[in-house]
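Peer 1: got a sequence here, can you build the structure:
(one chain, ligands or ions: 1)
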Amino acid sequence: MSATVLVTGGAGFIGSHTCVELLQHGYEVVVIDDHSNSSPHALERVAKVAGRPVAAAYEADLRDRAALDRVFAAHRIDTVVHFAAKRAVGESVEKPTEYYDVNLGGTTALLHAMRVHGVQRLVFSSSCSIYGDAPVGIPLTENDPAAPTNPYATAKWLCEQLLADACRHQPELSVLALRYFNPVGAHPSGLLGEDPHGVPGNVMPYLAQVAVGRRDRLSVFGDDYPTADGTGVRDYIHVVDVADGHRVALEHLGDDRGMRVFNLGTGVGTSVLELIAAFQAACGRPIPYEITRRRPGDVAALVADPGAVAHAWNWTASRGLAAMCADAWRFQDLNPDGYPD
Ligand code: UD1
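Peer 2: Residues are numbered from 1 along each chain as shown. Next up is the predicted model:
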């Protein structure tokens, strides 16, 4: 019998692409998602792309312990892949307690349910944001110190601490925390992509919505950072590479017990202005933008040293910036208003 993976936040941007990858590799997939920033239609698209549907999908908040208990009781779950979380840096600065409540509370409830139901394998969606304000030009390794600059990042860092403590307390646990850099792009089919509720908080979906005419112009948050052109530099990674990284992570969960941490990035830094240029080339139309003030909580540059995962799993991201922009644009062009209501 094939292994059953519970994907929390499975209808979301990274979650839905990971469901496709897992279904295509023979796993049974169970999804739990509260749809606070995702559409139930994403799972219909997942079925179309993967050629078969997820085994079950539940609409619930992870902090609802009774609902979580019912999901674990109904399926023989082998591994949990935990994406469900709030994820907008700006919003986290405005509503810090909500971020701690949802992101830490959801993870705690999940660990509790895993212990009660004897599930010992977890892949956790962590973030490069925990490194905080890193020196420009120096790629970050997993051994660099954490210095989160906003509540979103602090909550991710606290979740890592929580998981490390759980592993000390329960030596039978195997946990992998994957610190993604900036996942962007979309499935090349144009069926799956990023469709945030409301005004996009991240640069790539905002760019795509400007290109398709839903928004007037992109605000570039600051051009006075100590980077080559003054705008923020990030390590953008194609969401299909991130999904593939999760599939490979599942194969390596059993390598060891306890908590392990890996970066998922490309090692390539791209500024906001370089991203705009690449997106213009992909969509063939100009992207109006204006330089505005820095966004609170933002940092100058974050670029991965992707060496540890390459060494441990012989895995590297394979898709470049042109593919990220072309695929993001294809999804936006084919779905100008995102998934159907
Ligand atoms: C943040 C987290 C990252 C996380 C992601 C999830 C930090 C440092 N990074 O990414 O770990 O995976 O959220 O959502 O906390 N920008 C503009 N205009 C916009 C939006 C963004 O200029 O309208 C700029 C930002 O200033 C930044 C870059 O674009 O330089 C990327 O921003 P964004 O896409 O929001 O991602 P991060 O904040 O880097």
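Peer 1: and the stretch 101-250 of the chain, which residues reach the ligand?
Peer 2: Near the ligand, the residues belonging to the stretch 101-250 of the chain are 127-129, 150, 152-153, 180, 182, 201-203, 206, 218-221, 232, 234 when assessed by Cβ under 6 Å from any ligand atom. Bear in mind the C-beta positions are built from the backbone N, C-alpha and C, glycine included.
Peer 1: and whatever residue of the chain ends up closest to the ligand, how far from Leu207?
Peer 2: For the chain, the residue closest to the ligand is Gly232, as judged by Cβ to the nearest ligand atom, at 2.2 Å. Summarising the geometry, the distance separating Gly232 from Leu207, computed by Cβ to Cβ, to the nearest Å, is 14 Å.
Peer 1: also Tyr152?
Peer 2: As it turns out, when the distance is counted by Cβ to Cβ, Tyr152 lies 21 Å from Leu207.
Peer 1: one more: Trp329?
Peer 2: Computed with Cβ to Cβ, the distance linking Trp329 and Leu207 is 9 Å.
Peer 1: could you pull out the strands for the chain?
Peer 2: For the chain, strands defined by DSSP state E occupy the ranges 4-8, 28-33, 56-59, 79-82, 121-127, 174-180, 182-184, 218-221, 233-234, 236-238, 258-264, 270-271, 289-292, 301-302.
Peer 1: neighbouring contacts of the first one?
Peer 2: Strand 4-8 has contacts (Cβ atoms under 8 Å, 6 or more residues apart in numbering) with 15, 18-19, 22, 27-33, 54-55, 62, 71-72, 75-84, 106, 110, 119, 250.
Peer 1: circling back to that earlier point, and for Trp329 and Leu207, which residues touch both?
Peer 2: Here Trp329 and Leu207 share the contacting residues Phe279, scored by Cβ under 8 Å, 6+ apart.
Peer 1: ok, of the contacts of strand 4-8, which come out buried?
Peer 2: With neighbours counted by 16 or more other Cβ atoms under 10 Å, the contacts of strand 4-8 contain buried members at 15, 18-19, 22, 27-33, 54, 62, 71-72, 75, 77-84, 106, 110, 119, 250.
Peer 1: go through stretch 200-214 and flag the buried ones.
Peer 2: For stretch 200-214, a neighbour-count test (16+ other Cβ under 10 Å) marks 200-212 as buried.
Peer 1: again, but for stretch 142-157
Peer 2: Residues 142, 144, 146, 148-157 are the ones in stretch 142-157 that count as buried (16+ other Cβ under 10 Å).
Peer 1: and it, average pLDDT?
Peer 2: Here stretch 142-157 scores 95 as its mean pLDDT.
Peer 1: again with stretch 214-226
Peer 2: For stretch 214-226, mean pLDDT is 97.
Peer 1: Ser125: what's its closest spatial neighbour, skipping adjacent residues?
Peer 2: Of all residues not flanking Ser125 in the chain, Phe83 sits nearest, at 4.6 Å (Cβ to Cβ, 6 or more residues apart in numbering).
Peer 1: report pLDDT for that neighbour.
Peer 2: Looking at Phe83, the pLDDT reads 98.
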